[in-house]
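> How does the following fold in three dimensions:
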Amino acid sequence: MVVLKQFGILFVLGSLGIVLLAFTSIPLARQQLAALPPEIAAELPPLPILILQQGLQIVVLLAIAILIGIACTRPVGLHSHLLDAWVLHTPKLTAFTAELKWSLGLGAATTVIVWIIDYGMNPLLPEALRMAKQAEPHGLTTLTAILYGGITEEILIRWGLMSLLIWGGWKLLRQGITLPSQGIYQGAIAVTAVIFGLGHLPATATIAPLTPWVILRAILLNGIPGIAYGWLFWQYSLEAAMIAHASFHVWDFCLNSVLTRLVAR
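You can find the predicted model right below:
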């Protein structure tokens with residue numbers, strides 16, 4: 001029953017982002033279908049079915065990640081405030097103010113770092129990718145990024161994958177008695193961050209060819225924040241990683257909006 005409650009809470013939270021992602025991906029999917037040769041497009045299912053299939057794939061991954069996290073997080077000292085309070089009834093919110101400061105601070109810092117790197121790499125990128133980056137920020141897509149990135153991706157990547165790597169490394173290397181060694185945590189954070197960056201390449205490939213610079217950009221722009229989110233999960237909680245990730249997209253939207261207005265003038 002405890003496992004079912006934990007699963008239900010995280011599944012509902014993670015599904016919110018998936019629903020919004022499916023809705024906001026419709027215009028891009030239409031463009032991609034229109035660009036296909038007619039004979040290939042005719043063999044594909046209707047657009048609603050394609051969107052549903054994409055959503056169901058992520059739902060399955062979400063369910064797997066939640067179950068993995070439920071099994072692996074507590075043995076390695078990782079936790080969620082929400083699950084602690086609502087399911088396990090062991091709240092740990094005494095230092096939440098400091099936790100919130102770290103989350104918001106790292107969210108802002110990683111946004112600035114990503115912007116600097118992205119600006120420096122801009123001349124090395126394909127024109128199609130540079131043009132896509134100039135699109136005016138949209139409120140709905142930003143909300144999708146906040147919910148899908150800040151909640152769904154953190155459940156998939158940090159709660160599921162990172163906890164599995166830590167638990168697996170601990171059992172395999174036998175470093176640490178009651179908890180894994182710091183090296184195992186740090187290694188899992190780094191590996192997860194790289195995988196997190198590479199995971200964004202399929203979406204990028206729909207816009208521009210995957211040149212070495214495009215791949216490096218994806219790893220840096222997503223991996224650097226991923227290291228911050230992983231550290232927050234390790235040191236504080238899943239919610240700390242979620243808040244930092246969500247605030248990254250808020251800061252990114254604000255900077256985009258300001259720059260767009262300045263350029264328009």
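> Would you mind measuring from Gln53 to Ala63?
From Gln53 across to Ala63, the span is 16 Å (C-beta to C-beta, to the nearest Å). Where C-beta positions appear, they are placed from N, C-alpha and C, glycine not excepted.
> Equivalent analysis for Trp115, please.
Counting by C-beta to C-beta, the gap from Trp115 to Ala63 is 35 Å.
> try Ser237
In this view, Ser237 and Ala63 are 21 Å apart by C-beta to C-beta.
> So for these two, which residue has more residues nearby?
Each of Ser237 and Ala63 has its neighbours counted (other C-beta atoms under 10 Å); Ser237 has more, 23 against 16.
> That one contacts Gly77, doesn't it?
No. In this structure, Ser237 is not within contact of Gly77 by C-beta atoms under 8 Å, at 11.0 Å.
> which parts of the helix or strand hosting Tyr119 are buried?
Tyr119 is part of helix 96-121, with elements assigned from DSSP states H and E. For helix 96-121, burial by neighbour count (16 or more other C-beta atoms under 10 Å) applies to 96, 99-100, 102-104, 106-107, 109-111, 114-115.
> mean confidence for that helix?
Computed over helix 96-121, the mean pLDDT rounds to 93.
> in the following helix or strand past it, what's buried?
Remark: after helix 96-121, the chain's next helix or strand is helix 127-133, criterion DSSP H and E. By 16+ other C-beta under 10 Å, the buried positions in helix 127-133 come out as Leu129.
> What of stretch 181-196?
Ile184, Tyr185, Gly187, Ala188, Ile189, Thr192, Ala193, Ile195, Phe196.
> Equivalent analysis for stretch 63-76, please.
Under 16+ other C-beta under 10 Å, the buried positions of stretch 63-76 are Ala63, Ala65, Ile66, Leu67, Ile68, Gly69, Ile70, Cys72, Thr73, Val76.
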